[in-house]
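> Sharing a model prediction with you, sequence too.
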Amino acid sequence: MDLPNLLQVLGDYDAQSSVVEAIYRMSTSFERSKCVTQWFPDLDCTLHSLFIRISEFDPDCRRFLNAFNAFHGDNRKVYTLPCLSAIIGKLPLSKPKDPSYQKFWVDFNLGSQTILLLCHKQPDIIRMESSASPPWESLVLDQDDIQKVVLTRTVQVYILEIVMVKVEKVAELFSSPLSLEIKSRLTEVFVFEFAPTVVLEKVCALLFCEKFKIVALEPEGWVNIAARASCTQSGVRISWQV
C-alpha cells in the first residue's frame, strides 16, 4: 500500500485526512494492527498506537496527524497550532462544538499554500440566525487571496492579522448562506491570537514570504522562554540572536 507514503509528501491537512480515511476504508482492523510498523517504519510506537486506535474519525485522525506532522520537525509540510481566539472583522469564531475537539486548531499548509480553520460562528450569532445547530465551517484562506500578514509579538500573546484582498473573498469562504447580520459584521481582516511560539513566526515566513512582517512590542532585550520551549518541543531549529 503506497498511501501511507503520501502523508509526508502532502502539504495539506485536508488531503492528509482523506488519505487516512482511504487507508481505513481499504483495510481491516487486523491488517492495520499487523502492518502499521511496515506502513510507517520511521514512526515510534506512540504514533503507531494513535493510528490504529482511530475510531471517532475526525478527532482521532486529528490527534494522529498533529503528532505525525510534528514528528517530522523541519521536514513537515503541515504546521498545526492551537489559537486562543479568532475573529473576522466583528464576527467572533469558536472551535467546533464537538466535546472531543479539545482545541481551536489552525492548519498552515505549505503544499497547498493555504490556512485551514474549522470553526463555528459564536453562539450569540448563531441564535440570531437560527435555533438549529449549524454545521462546522471549513474556512480555507488561500495565499493568492491574501494581501498582507502581520504578526505582532507581545509578552503574553502573539497576534496574527491576515488582510484579505477584498471582503467579498471572505464571504465566499463560508459554505452555509450568510444572513445580512453576519455579512454586516465581516471585513477583510482576520485576527488570531496565539500563545507565544517561534513556530508561528517560522511557518508564516515560509508561507507568506514578502507579504509577512513582524512587529515586536516586547520590552527591549526580552527573551521569551515559553516561545523557545514551544519551538524545541515542535522539532523546529532556529538560530537565536539575542
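Everything's here; your move.

> buried residues in the longest strand along the chain?
For the chain, the strand with the greatest residue count under DSSP state E is strand 78-88. For strand 78-88, the neighbour count (16 or more other Cβ atoms under 10 Å) marks 78-81, 83, 86-88 as buried. Every residue, glycine included, has its C-beta placed from N, CA and C.

> Out of those, which two sit at the greatest distance?
By the measure Cβ to Cβ, Val78 and Ile87 form the most distant pair in the buried residues of strand 78-88, at 23.8 Å.

> Going along the chain, name the helices of the chain.
Applying DSSP state H to the chain gives helices spanning 3-9, 13-25, 29-39, 45-52, 57-71, 123-129, 167-171, 180-185, 198-208, 225-233.

> least trustworthy helix or strand in this protein by mean pLDDT?
Least confident helix or strand, the chain: helix 123-129 with a mean of 50, by mean pLDDT, DSSP states H and E.

> in this structure, which ranges drop under the pLDDT threshold?
Residue ranges of the chain with pLDDT under 70: 1, 122-134, 221-242.

> Break it into its domains for me.
3-71, 76-233 (automatic domain parsing).

> I'd assumed Leu3 was in contact with Ala22.
Yes. With contact defined as Cβ atoms under 8 Å, Ala22 reaches Leu3; the gap is 5.9 Å.

> can you tell me which residues contact Lys169?
Counting by Cβ atoms under 8 Å, 6 or more residues apart in numbering, Lys169 touches 145, 188.

> Quick check: the gap between it and Cys35.
43 Å (Cβ to Cβ, to the nearest Å).

> which parts of stretch 201-214 are buried?
201-204, 207-208, 212.

> who touches it?
Taking Cβ under 8 Å, 6+ apart as the rule, stretch 201-214 contacts 79, 81, 108, 110, 113, 115, 143, 146-153, 160, 231, 236, 238.
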